[in-house]
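# Using only what follows, build the 3D model:
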Amino acid sequence: MVFFGEYQVNFSGAGRVLLPKKVRELLKGNVFILTKGFDNCLSGYDKDDWEKRASELLNPSLLQPTDMNERRSVFSAMAYLEIDEQGRFVMPKNLLEYGRLKDRAIVIGVGDHFEIWSPEEWKKYAHTSTFKRSS
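Residues are numbered from 1 along each chain as shown. All right, here's what the predicted structure looks like:
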C-alpha cells in the first residue's frame with residue numbers, strides 16, 4: 001500500500017470531509033486512524049498499519065521526557081474514524097483546530113500514510129521546502 005497524489009477536498013458540513021477515492025481504496029475496511037502530524041497537518045493511517053506502529057511508539061523509555069511528550073501528543077489526539085457509504089467522515093474538533101482547517105483541505109499521499117493540510121499551510125510548506133536529489 002502506497003499513498004500518493006495531491007487532492008483538494010471541500011467540507012460538506014461541520015468537519016465532514018470526503019476522503020478521495022484513491023486514498024480510500026488503499027484502506028482495509030471503513031475505519032482509519034487520524035492524529036496530529038508535523039507542521040500542523042494531520043496524519044492518516046490504515047487501522048492495521050497504525051496498530052503495528054503504535055506498538056513501536058510504546059517502546060521508548062517512560063523515563064525520557066521527550067518520549068512522553070511525543071506519546072501524549074500523538075495518542076491524546078488520535079481518533080478512530082469511520083467512513084460512510086459515500087466516502088465521508090467527520091473530523092473531531094480538536095483535529096480541525098490543530099490542522100487549522102475550515103471548509104477546504106488538501107489531502108496528500110506520503111507513501112506509508114496520508115496527510116491532511118489546510119490549503120494555506122500546504123502552500124506555505126510547498127513553497128519553502130525543496131526536494132533535492134544527491135548526485
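# Do you have the helices of this protein handy? List them.
21-24, 47-57, 65-77, 93-98, 119-128 (DSSP state H).
# K93 contacts A77, doesn't it?
No: in this structure K93 lies outside contact range of A77 using CB atoms under 8 Å: 11.1 Å. The way it works is simple: take the backbone N, C-alpha and C, and place the C-beta from them, glycine included.
# any idea how far A79 is from V90?
10 Å (CB to CB, to the nearest Å).
# Likewise for W117?
18 Å.
# before we move on, back to that, so which of the helices of the chain comes closest to I106?
helix 119-128 (4.4 Å; CB to CB).
# same for that closest one, what does it pack against?
strand 104-109 (3 or more CB pairs under 8 Å, 6 or more residues apart in numbering; DSSP states H and E).
# The lengthiest strand in the chain: partners in the sheet, and parallel or antiparallel?
Longest strand in the chain, counting residues (DSSP state E): strand 6-13. Here strand 6-13 is paired, per DSSP bridges, with strand 16-18 (antiparallel), strand 104-109 (antiparallel).
# rewinding a little: specify which residue of W117 and V90 has the higher count of neighbours.
W117 (24 against 16; other CB atoms under 10 Å).
# in the sheet, who's paired with that one?
Going by DSSP bridges, W117 forms beta bridges with I106.
# ok so, going back, so which bits of the longest strand of the chain are buried?
The neighbour-count check on strand 6-13 (16 or more other CB atoms under 10 Å) flags Y7, V9, F11 as buried.
# Distance to N59 and pLDDT for those residues - can I get that in JSON lines?
Formatted as JSON lines, the buried residues of strand 6-13 follow (distance: CB to CB, whole Å; pLDDT from 0 to 100):
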{"residue": "Y7", "distance to N59": "34", "pLDDT": "97"}
{"residue": "V9", "distance to N59": "35", "pLDDT": "96"}
{"residue": "F11", "distance to N59": "37", "pLDDT": "94"}
